[in-house]
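Asker: this one's sequence-less:
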């Protein structure tokens, strides 16, 4: 574990790099740094063991003031604790599709990223190795190396789908263990608090990140970056008792999620036109499908992905949709002998980031979220995928009419987007602030567009790459 120090010890020293936050992007950025640098990790929350999390549950979500004009319930998942949302994620690790990085060029929607799939691919492979990812079929997306471990056993219904359409169905890549140093997945579908510690989290992977010269400051909030002439000279922090201190450093990396990163930069006097804007995440819809064959009994909680409604010319008008097959019997059929003849699917659509969805500060410098809802583009994508669901399923499958939209996908994205133009973006392809060579804004806040794939593998790969540029 890191050497834990007090706020007085931190303020009395000068650090090469200060990292705010302790979840995926923070730790993979740290992993990418040169070993001779002295690094201070500042975490707003405390440190709890896996046993404590199992016994007491997760800390409550961070409370945000929100002006919700969407007409629908909306929540955001942000855990203030060491390891952050790594403690409660579901460990889904699909890569983004190569087309996700060129959405505007290919389909006239949104904006292109300043980095492409090929540049990020080696970092994808390295992060998968660190996470001990158990993988699916390699042919659906380009790869330079095989998955570290074989895919989990798929559900019986997934196997039928893969036999019928191997071009679009694949076992899901996941950091729920199927080999390696962690216990194997117990397939109980309680992944937010994995009872056997099978999924990759920061707590059980500290040997991948701890290094000489790195220290940890807990229960301390980084409020702002102190800057002079566009250069960071230190940070202002507040401890649990409300005492404010200044810590000097040579570089700063913000990894506190898209909402809090934007707030820190706004408090620091940044006025980039895109800062705080384009807050977004995917939109999900749960669907049940009755099948002529049995399902479930796979080796993990989410067993397969379907790319049949993901990429293609439809993205000119309708969002990409990735389909997840869930291996938990939340709903069984009532007919005798057909109790498991059912698939539980989730349709996950990319959203089109909108500038009106944004983060601002109130007069006290605290976060206010302005939310106007998901884009029509995302809604059309969901409607298209649902109407054509039978096109990607074997014969005889029948979707049920009842569907349920998710309140959240628990993926906070946007607010300091990546790009080449400072008028329309906040960071460059190395996640550095435009005009500030020693300040990085990490995490999914840098996403230029919204892939339907889960963001964690991509934000971790981007952070590892950014750390190596310092």
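Answerer: Looks like it arrived, so ask away. All values reported here derive from a predicted model rather than from experimental measurement. Numbering: from 1, shown residues only.

Asker: can we go C-alpha only for contacts and neighbour counts from here?
Answerer: OK.

Asker: Any buried residues in stretch 26-35, and which?
Answerer: Along stretch 26-35, these residues count as buried under the neighbour rule (16 or more other C-alpha atoms under 10 Å): 26-33.

Asker: Can you get me a residue count around residue 81?
Answerer: The burial count assigned to residue 81 is 23, neighbours taken as other C-alpha atoms under 10 Å.

Asker: pretty sure it belongs to a strand, no?
Answerer: No: counting by DSSP: H, G, I helix; E, B strand; the rest coil, one finds residue 81 to be coil, located in no strand.

Asker: gap between the closest residue to it other than its chain neighbours and residue 82?
Answerer: Residue nearest to residue 81 in three dimensions, not counting chain neighbours: residue 45, with 4.0 Å by C-alpha to C-alpha, 6 or more residues apart in numbering. Applying C-alpha to C-alpha, to the nearest Å, the value for residue 45 to residue 82 is 6 Å.

Asker: Now do the shared contacts for the two.
Answerer: Common contact partners of residue 45 and residue 82 (C-alpha atoms under 8 Å, 6 or more residues apart in numbering): residue 218.

Asker: Of those two, which one has the most company?
Answerer: For residue 45 versus residue 82, neighbours defined as other C-alpha under 10 Å are more numerous around residue 82 (24 against 21).

Asker: so that one touches residue 48, yeah?
Answerer: Yes: between residue 82 and residue 48 there is a contact under C-alpha atoms under 8 Å: 7.3 Å.

Asker: which residues in the stretch 151-300 of the chain form strands?
Answerer: Ranges of strands in the stretch 151-300 of the chain, per DSSP state E, counting those that start in this stretch, are 169-171, 214-217, 220-228, 231-239, 244-249, 252-254, 283-290.

Asker: ok, and which of those strands has the densest surroundings?
Answerer: Greatest average neighbour count among those goes to strand 252-254 (a mean of 27), per mean count of other C-alpha atoms under 10 Å.

Asker: And the contacts of it?
Answerer: So strand 252-254 is contacted by 17-21, 26, 225, 232, 234-235, 261, 438-442 (C-alpha under 8 Å, 6+ apart).

Asker: and the nearest residue to residue 417 once chain neighbours are set aside, how far is that from residue 196?
Answerer: Excluding the flanking residues, the one nearest residue 417 by C-alpha to C-alpha, 6+ apart is residue 446, at 4.0 Å. Note on residue 446: its distance to residue 196, by C-alpha to C-alpha, is 33 Å.

Asker: With neighbour numbers in mind, choose between the two.
Answerer: Higher neighbour count among residue 446 and residue 196: residue 446, with 28 against 14, using other C-alpha under 10 Å.

Asker: Output the contacting helices and strands for the helix or strand containing residue 29.
Answerer: Following DSSP states H and E, one finds residue 29 within helix 24-32. Under the contact criterion of 3 or more C-alpha pairs under 8 Å, 6 or more residues apart in numbering; DSSP states H and E, helix 24-32 touches helix 456-469.

Asker: now the helix it packs on against helix 24-32, angle please.
Answerer: Inter-element angle recorded for helix 456-469 and helix 24-32: 40 degrees (by axes from the mean of the first three to the mean of the last three C-alpha atoms, to 10 degrees).

Asker: picking that back up, list just the nearest of the contacts of strand 252-254 to residue 360.
Answerer: Looking at these and their distance to residue 360, the nearest is residue 261, at 11.4 Å (C-alpha to C-alpha).

Asker: any idea how far the nearest residue to the closest one once chain neighbours are set aside is from residue 73?
Answerer: Once flanking residues are discounted, residue 261 sits nearest to residue 254: 6.0 Å by C-alpha to C-alpha, 6+ apart. From residue 254 across to residue 73, the span is 29 Å (C-alpha to C-alpha).

Asker: contacting residues for residue 430?
Answerer: Contacts here follow C-alpha under 8 Å, 6+ apart; on that basis residue 430 touches 462, 465-466, 469.

Asker: How about residue 360?
Answerer: By C-alpha under 8 Å, 6+ apart, the residues touching residue 360 are 263, 266, 276, 367-370.

Asker: switch to 7 Å and redo it
Answerer: Contacts of residue 360 were listed using C-alpha atoms under 7 Å, 6 or more residues apart in numbering, and they are 276, 367-369.

Asker: count of residues packed around residue 48?
Answerer: Neighbours of residue 48 (other C-alpha under 10 Å): 15.

Asker: so it is in which element?
Answerer: Going by DSSP H and E, residue 48 is not in any helix or strand.

Asker: next one: phi and psi at it?
Answerer: Here is the backbone geometry of residue 48 (degrees, to the nearest 10): phi -130, psi 140.

Asker: what does residue 70 give?
Answerer: Backbone torsions of residue 70, given as degrees, to the nearest 10, read phi -80, psi -20.

Asker: any low-confidence regions in the stretch 301-450 of the chain?
Answerer: Scanning the stretch 301-450 of the chain with the threshold set as pLDDT under 70 gives 330.

Asker: change it to 90
Answerer: Scanning the stretch 301-450 of the chain with the threshold set as pLDDT under 90 gives 328-332, 402-409.

Asker: do the stretch 1-150 of the chain as well
Answerer: For the stretch 1-150 of the chain, applying pLDDT under 90 flags the ranges 1, 136-139.

Asker: any idea where the helices of the stretch 101-250 of the chain begin and end?
Answerer: Taking DSSP state H, counting those that start in this stretch, the helices of the stretch 101-250 of the chain run over residues 103-107, 117-131, 156-164.

Asker: Quick one: closest of these to residue 450.
Answerer: Residue 450 lies closest, by C-alpha to C-alpha, to one member of those: helix 103-107, at 9.6 Å.

Asker: what helices or strands is the closest one leaning on?
Answerer: Helices and strands touching helix 103-107, as assessed by 3 or more C-alpha pairs under 7 Å, 6 or more residues apart in numbering; DSSP states H and E, are absent.

Asker: Enumerate the positions of it that are buried.
Answerer: So, applying 16+ other C-alpha under 10 Å, buried residues of helix 103-107: 103-104, 107.

Asker: Over to stretch 157-172?
Answerer: So for stretch 157-172, counting by 16+ other C-alpha under 10 Å, buried means 157-162, 165, 168-172.

Asker: how far does it sit from the chain's center?
Answerer: Relative to the chain's own centre, stretch 157-172 is displaced by 25 Å; criterion: C-alpha atoms, centre = their mean, to the nearest Å.

Asker: So what would you say the end-to-end distance of that stretch is?
Answerer: The first-to-last residue distance of stretch 157-172 comes to 14 Å (C-alpha to C-alpha).

Asker: Other residues contacting that stretch?
Answerer: Outside stretch 157-172, the residues that touch it by C-alpha under 7 Å, 6+ apart are 135-137, 151, 154, 293-296, 303-308, 393-394.

Asker: residues in contact with residue 459?
Answerer: 25, 443-444.
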